[in-house]
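S.K.: sequence and predicted structure are below.
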Amino acid sequence: MAIDMPSKTSGAHHGGGEERRVGNAGPRRRRPGRLWVRIVVALLLVVEVYPLVWMFLTSLKSNSDYLNNSTWSLPTTWEWGNYTEAWTTGNIGLYIQNSLLAVLPALALILLLGTAAGFALQVMVWKGRNLTLLVFLAGMMVPPQMILLPLFTVYFQTGLSGTLWPLILTYTGTGLPLTVFMMATYYKTVPRELFEAATIDGAGILRAFWTISVPMVRNALLTVGLVQFFFIWNDLLIALTFTNNQDLRTIQVGLLNFTGDFGATQYGPLFAAICINVFGTLVIYLFLNQKVMKGLTSGAVKG
């Protein structure tokens, strides 16, 4: 033992030296890879951020500055009044209000009906549920352009034209197929033992739906709601078709109105209005980003 101990210690020292050399050599080998990753991330950051910066700087230019100088040049005079003009003369405040009045009720109906349908199709057992799910999936294959003329005729004959109801009903109908499919997928991750235990305790279908299923899929609800919100908020085709009144236009349609005399576009107020729209929705996404990530992964992990 007295002879073996020094040799082991010596070996340990040599081994430690080798480990230190290997450990020191490891990061050096990985540095080029890390450098490339940082370069790629920096390029992606520039690609994402630079258009926003350019759009903001353009919103501070005058019309002559935008037309006569380079597109990439800084403003010669900082026209902060473009935002005031966009909000007052351009009626962006009214268009945002109309968008909210059309989007929020449609989004509430989509989430309520889509969650209930997903629960009924995935958790409840009844004859024909697979065929019903296929019918909902078939709705995703119908192009919106095909339904605009029939819907316009129906809304006109029922007296709904001239209100926001055509937008609310159309957004709800077009958003339900994807929502039902996604919520049915998320309900697969909810353990069936929870519903069995609730049934044994005497809970009915409605109570099991509200007190058990909805809290279990709240992250999925937030994710689907945010996706549908951006789809509806950025819609131009449906809003342009059914808003025949200037006072009912949504923000996407309202951006078409920034024209001056003889149809000349007012670029400064136009880009200011676009900035109000883009940065407002961007703040919403950044605020709810973590919840969205949880909702996206909850549908892929069992339990």
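M.R.: Thanks, I have it. Numbering: from 1, shown residues only.

S.K.: could you use CA atoms for every contact and neighbour count after this?
M.R.: OK.

S.K.: okay, which residue is most central for the chain?
M.R.: Note on the chain: the residue nearest the mean C-alpha position is V227, at 3.7 Å, using CA atoms, centre = their mean.

S.K.: which pLDDT value belongs to that one?
M.R.: Listed pLDDT for V227 reads 89.

S.K.: what is the helix or strand where it lies packed up against?
M.R.: For V227, the enclosing helix or strand under DSSP states H and E is helix 218-233. Packing contacts for helix 218-233, counted by 3 or more CA pairs under 8 Å, 6 or more residues apart in numbering; DSSP states H and E, involve helix 92-122, helix 165-187, helix 289-298.

S.K.: show residues contacting the helix or strand following it.
M.R.: Following helix 218-233 in sequence order, the next helix or strand is helix 237-242 (DSSP H and E). Helix 237-242 is touched from outside by 148, 152, 161, 166-167, 170, 249-250, 253, with contacts defined as CA atoms under 8 Å, 6 or more residues apart in numbering.

S.K.: type out the PyMOL command that picks the buried ones from the residues you listed.
M.R.: Selection command for PyMOL covering only the buried members of those, criterion 16 or more other CA atoms under 10 Å:
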select buried, resi 148+161+166+167+170+249+250+253
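
S.K.: between the contacts of helix 237-242, which is closest to W126?
M.R.: Ranked by distance to W126 (CA to CA), the contacts of helix 237-242 are led by T170 at 29.0 Å.

S.K.: quick one, what contacts the closest one?
M.R.: I238.

S.K.: next one, pLDDT for it please.
M.R.: Predicted confidence (pLDDT) for T170: 95.

S.K.: what distance do you get for it to T189?
M.R.: Separation of T170 from T189 (CA to CA, to the nearest Å): 30 Å.

S.K.: thinking again about what came up before, so how far is T77 from the residue nearest to the centre of the chain?
M.R.: Counting by CA to CA, the separation of V227 from T77 is 38 Å.

S.K.: and what of T199?
M.R.: Counting by CA to CA - T199 and T77 are separated by 69 Å.

S.K.: hang on, the earlier thing: closest one of the contacts of helix 237-242 to M140?
M.R.: Nearest member of those to M140, counting by CA to CA, is T170, at 13.7 Å.

S.K.: okay, the closest one and N234: tell me how far apart.
M.R.: 14 Å.

S.K.: same question for V47.
M.R.: To N234, V47 is 21 Å away according to CA to CA.

S.K.: tell me which of the two has more neighbours.
M.R.: N234 (18 against 11; other CA atoms under 10 Å).
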